[in-house]
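Enquirer: just coords:
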């Protein structure tokens, strides 16, 4: 499993969601408040799952609203699996 770091996750989000205002979007920016709808977020989470080899259950997706939260989630799961 790849370790998620904030910089690479932020790049993934920015690449996947071209409608984001990249000058204002940071690792602590809310996906929802930045204009991503549920379809954008679902697509983003699928891409993150594929890129980082981690499963994010639907029940967790609503709890993950920033790049920082997603990174922490992935890091916590990778630590448990090593």
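Expert: Perfect, I can see it now. As the structure is a computational prediction, the values presented were derived from the model and not from experiment. Numbers count the residues shown, from 1 in each chain.
Enquirer: what's the least confident helix or strand in the chain by mean pLDDT in contact with?
Expert: The weakest-scoring helix or strand in the chain, judged by mean pLDDT, DSSP states H and E, is helix 6-16 (a mean of 74). Contacts with helix 6-16, where a contact means CB atoms under 8 Å, 6 or more residues apart in numbering, come from 20, 22, 25-27, 31, 40, 43-44, 47-48, 51, 67-68, 70-71, 74. All C-beta spots, glycine's among them, are computed from the backbone N, C-alpha and C.
Enquirer: list the buried ones in it?
Expert: Residues of helix 6-16 classed as buried by neighbour count (16 or more other CB atoms under 10 Å): 6, 9-10, 12-13, 16.
Enquirer: go on, stretch 49-64?
Expert: For stretch 49-64, using 16+ other CB under 10 Å, the buried residues are 52, 54, 56, 61, 64.
Enquirer: mind checking which of those residues are in helices?
Expert: Counting by DSSP state H, the part of the buried residues of stretch 49-64 found in helices is 52, 61.
Enquirer: grab the two from the buried residues of stretch 49-64 that are most spread out in space.
Expert: 52 and 61 (14.5 Å; CB to CB).
Enquirer: shaky segments in this structure?
Expert: For the chain, the stretches flagged by pLDDT under 70 are 1-6, 79-82.
Enquirer: could you look up the SS state of residue 59?
Expert: helix (DSSP: H, G, I helix; E, B strand; the rest coil).
Enquirer: check contacts around it.
Expert: Contacts of residue 59 by CB under 8 Å, 6+ apart: none found.
Enquirer: now swap in residue 28 and tell me
Expert: Per CB under 8 Å, 6+ apart, neighbours of residue 28: 66-68.
Enquirer: one more: residue 67?
Expert: Contacts of residue 67 (CB under 8 Å, 6+ apart): 6, 9-10, 13, 26-29.
Enquirer: what about residue 70, which helix or strand?
Expert: helix 67-80 (DSSP states H and E).
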